[in-house]
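Peer 1: Could you look at this predicted model? Sequence included:
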Number of protein chains: 2
Amino acid sequence: MPPRKTKENVGTPGRGTLGRPATISDVARLAGVSVGTASKALNGRGSLREETRRRVRSAADELGFQPNSAALTLNSGRTYTVGMITTDTIGRFSIPLMTGAEDSLGAGRMSVFLCDARDDPIREQYYLRTLLSRRVDGIIVTGRRTQARAPIGVDLPVPVVYAFISSTDPNDCSVVPDEVGGARKAVDHLLALGRRRIAHVTGPEHHHSAAVRASATVERLAESGLDLVGAALFGEWSEAWGRQATGILLGAGGEFDAVFCGSDQIARGVADALRAVGRRVPDDVALVGFDNWDVMALACQPPLTSIDMELEGLGRTAADLLLAAINGEPAPGRHISPCRLVLRESTAVSVRPGSTRVERLAASDAESRRIHR
Amino acid sequence: MPPRKTKENVGTPGRGTLGRPATISDVARLAGVSVGTASKALNGRGSLREETRRRVRSAADELGFQPNSAALTLNSGRTYTVGMITTDTIGRFSIPLMTGAEDSLGAGRMSVFLCDARDDPIREQYYLRTLLSRRVDGIIVTGRRTQARAPIGVDLPVPVVYAFISSTDPNDCSVVPDEVGGARKAVDHLLALGRRRIAHVTGPEHHHSAAVRASATVERLAESGLDLVGAALFGEWSEAWGRQATGILLGAGGEFDAVFCGSDQIARGVADALRAVGRRVPDDVALVGFDNWDVMALACQPPLTSIDMELEGLGRTAADLLLAAINGEPAPGRHISPCRLVLRESTAVSVRPGSTRVERLAASDAESRRIHR
DNA sequence: GTTCTCCAGGCAACCGGTTTCCTAAGTTTC
DNA sequence: GAAACTTAGGAAACCGGTTGCCTGGAGAAC
């Protein structure tokens, strides 16, 4: 069947003038050349007259020709796709990771298969097999926790990069946020503000991030010859725990001028509880959160200084490492991605004259004891 | 080169005993049959001896054979992939949608290409072309707002389903949450609790969801012969606005016994502001949010009754409609997906004896006027 | 005018599967 | 024992591109 040149349909992507996507032989026929010539014309290969190239190109345009990528895959061996497996559910942390990774990969003309394994090892292995069967060029493994996990497979035929989480195998390529550095930046900042009596409220003790951030905090304070006020308070990643922990701190004497929290949610709970007993943030107590989750950090009263793990950048880094590995330049090992301190009012230097910080601290302290039992 | 049967490597998915993924001719050679026969054996086609099938199958197992899906695509015309384009940034609303869709599609053995167009029409068209070039079997278009948008393309060669957002072309297949029904459920609930003086605080007037939910609220109240307390308060989707709007309501006389909010964030701001002036939730003011965003609804004091758009279910529905369309049973038009009322303490019926609601209302009312100017 | 050179473009193999068609056996039947 | 029928499995076309090789014709050199 000759191509119906009469019914022109330019601009409809992928369909052209036929009922099905145009193939290169449609293009060749319309341009009056052979299939091989058409291919060369479109890819700038071979030796062809400029006029022929033009004719082929315009035929391709007219038909809305897009090469069938299955065919390309078949003889290049490359699919220009990568798989992204989130080992646990897609959530708040995965989004910026995915966005960043997708950004870098898209720039490299790669498409991304999304696989949500939902904490289910069976789903995970199913997805792995699927991705390998689709001959992806590489795989990014990500998750909700930074704790190291067992490698997703051994001796896989494609490169794998772990993002946010890391692999227990030190030879695997992992990109993880510098939580230690992040915690240290938070403490540095509080110390620079002149705060010396710093408390730490964070998530469950068995949670890797909570443990890492807490011990980095203790260590950084020790370097300045300081101790944490009380011990690190481990609880859960919730506002309610932040409120509860504040009660514990106040009940224990309440002699603290800063709280560094393991998450913005906890910090917000702390802020609310402090406000309820009349302690002012930042004047009486400076407050630093972790995650820089805009919804929490901005809605907090006052807006919250926080540590940003720069997950989007981390995702981009992971994607770049994967692209490099695909191009034969693997960079095995754990790569540390820096955190950033984001300053907001909860640690702003007060410039209100008329009452010194210490006076107000003493006053609100008494009040808080009265209110809080 | 004969297959190296000596170095067995069973269990390594996709690699087998060779340095590259095994092909069906590797399997055929190892089993001592032709490729055609091997194909038949593995797919249960043709007429073969059971013993031959077994031999081929075990050869395939030994080599870790996984059919190259590019090859499958090439002669079936089906890729068993779909594209998911989020027109604006991937965010809180997209996640459950994606999760739900990915769930249904995975069950249909389809893989999902993730495309984040970031509110950029050029990126969107780029992704569309990419997806068509990859010969996806279908496309899901989603986004952050429920407002109808221009079709992503006309006369596309594959079915498209719009999820959450809808297409302005009524013949396109869209799945949208029943925001009108959701708002009505909220009002129904408040009315059933005996509340009659209901206020509405919501997002920007030009935001489709805000407008739709507000007018549904007004309409439902009118059906019961009631008016909104004051006009609907349009502002922004933030806690700060919720607090501010509460001030407006209180300043205007404060004679309201319920607030229905256009989002959980707003509702939380309202809750905080009410608490600050001593009005009790739910005793004095019942509070209903929208979105049922767990972080907000659960952290709210008290936990927030809210309308859940069941986005994960909506995503599944969209995927199911797409699968149906791919299988030749399209269901054009707008499909409405119901919302669900989730009950929590912010509208719980108080059972505290000793003081009637009305008494307390009067008391706290006086107090609130005192505090709030 | 003949041979050489060069170039435009066609032909066909190939990637890795599936499927149709066909043939060489073995089995049954009379 | 020969003809008819069944059956296992092989050969080859095909999907849609790319690419190496080859050829026919035009122009140049002699």
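Peer 2: Good, I have the coordinates.

Peer 1: so residue A:330 sits right up against residue A:173, yeah?
Peer 2: Yes - judged on C-beta atoms under 8 Å, residue A:330 makes contact with residue A:173 at a distance of 6.6 Å. C-beta coordinates here come from the backbone N, C-alpha and C atoms, glycine included.

Peer 1: shared neighbours of those two, which are they?
Peer 2: Shared contacts of residue A:330 and residue A:173 (C-beta atoms under 8 Å, 6 or more residues apart in numbering or on different chains): residue A:159.

Peer 1: Of these two, which one has the most company?
Peer 2: Shown here are residue A:330 and residue A:173; by other C-beta atoms under 10 Å in any protein chain shown, residue A:173 has more neighbours (23 against 15).

Peer 1: Which residues does that one form beta bridges with?
Peer 2: Here residue A:173 sits in beta bridges with residue A:161, residue A:333, as judged by DSSP bridges.

Peer 1: Surely it touches residue A:162?
Peer 2: Yes - between residue A:173 and residue A:162 there is a contact under C-beta under 8 Å: 6.9 Å.

Peer 1: those helices in the stretch 51-200 of chain A, which residues are they?
Peer 2: A:69-76, A:94-107, A:121-133, A:179-192 (DSSP state H, counting those that start in this stretch).

Peer 1: Of all those helices, which one is nearest DNA strand C?
Peer 2: With C-beta to the nearest atom of the strand, the closest approach to DNA strand C among the helices of the stretch 51-200 of chain A belongs to helix A:69-76: 3.6 Å.

Peer 1: For the stretch 201-350 of chain A, which segments count as helices?
Peer 2: With DSSP H, counting those that start in this stretch as the criterion, the stretch 201-350 of chain A has helices spanning A:208-223, A:239-251, A:264-276, A:294-299, A:311-326.

Peer 1: winner for burial among those?
Peer 2: Comparing the helices of the stretch 201-350 of chain A by mean neighbour count (mean count of other C-beta atoms under 10 Å in any protein chain shown), helix A:264-276 comes out on top with a mean of 25.

Peer 1: Can it be said to contact chain B?
Peer 2: Yes - under the criterion of C-beta under 8 Å from any C-beta of the partner chain, helix A:264-276 makes contact with chain B via A:265, A:268-269.

Peer 1: Just name the closest of those residues to residue B:44, please.
Peer 2: Ranked by distance to residue B:44 (C-beta to C-beta), the residues of helix A:264-276 next to chain B are led by residue A:265 at 53.9 Å.

Peer 1: gap between that closest one and residue B:228?
Peer 2: Noted for residue A:265: a distance of 33 Å to residue B:228, by C-beta to C-beta, to the nearest Å.

Peer 1: go on, residue A:189?
Peer 2: Distance from residue A:189 to residue B:228, counting by C-beta to C-beta: 47 Å.

Peer 1: before we move on, what about residue A:218?
Peer 2: Counting by C-beta to C-beta, the gap from residue A:218 to residue B:228 is 54 Å.

Peer 1: try residue A:319
Peer 2: To residue B:228, residue A:319 is 50 Å away according to C-beta to C-beta.

Peer 1: For the stretch 201-350 of chain A, which residue gets nearest to DNA strand C?
Peer 2: residue A:326 (17.7 Å).

Peer 1: That residue is in contact with residue A:159, isn't it?
Peer 2: Yes - counting by C-beta under 8 Å, residue A:326 does reach residue A:159; the two are 6.0 Å apart.

Peer 1: domains for chain A, by residue range?
Peer 2: Domain segmentation of chain A under automatic domain parsing yields A:1-67, A:79-175+A:312-331, A:179-309+A:343-371.

Peer 1: Now render these as a markdown table, adding mean pLDDT.
Peer 2: Formatted as a markdown table, the domains of chain A follow (pLDDT from 0 to 100):
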| stretch | mean pLDDT |
| --- | --- |
| domain A:1-67 | 77 |
| domain A:79-175+A:312-331 | 92 |
| domain A:179-309+A:343-371 | 87 |
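
Peer 1: Can you add distance to DNA strand D and give these back as TSV?
Peer 2: Formatted as TSV, these follow (distance: least, C-beta to the nearest atom of the strand, whole Å):
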stretch	distance to DNA strand D
domain A:1-67	3
domain A:79-175+A:312-331	13
domain A:179-309+A:343-371	41
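
Peer 1: so which of these gets nearest residue B:114?
Peer 2: Checked against C-beta to C-beta, the stretch from the domains of chain A lying closest is domain A:79-175+A:312-331, at 4.2 Å.

Peer 1: Quick check: end-to-end length of the closest one?
Peer 2: End-to-end span of domain A:79-175+A:312-331 (C-alpha to C-alpha, to the nearest Å): 22 Å.

Peer 1: how much space between the closest residue to residue A:182 other than its chain neighbours and residue A:140?
Peer 2: Leaving aside its sequence neighbours, residue A:182 sits nearest to residue A:339 (C-beta to C-beta, 6 or more residues apart in numbering or on different chains; 3.2 Å). According to C-beta to C-beta, residue A:339 stands 21 Å off from residue A:140.

Peer 1: So which of the two has more stuff around it?
Peer 2: The neighbour comparison of residue A:339 against residue A:140 (other C-beta under 10 Å) goes to residue A:140, with 29 against 25.
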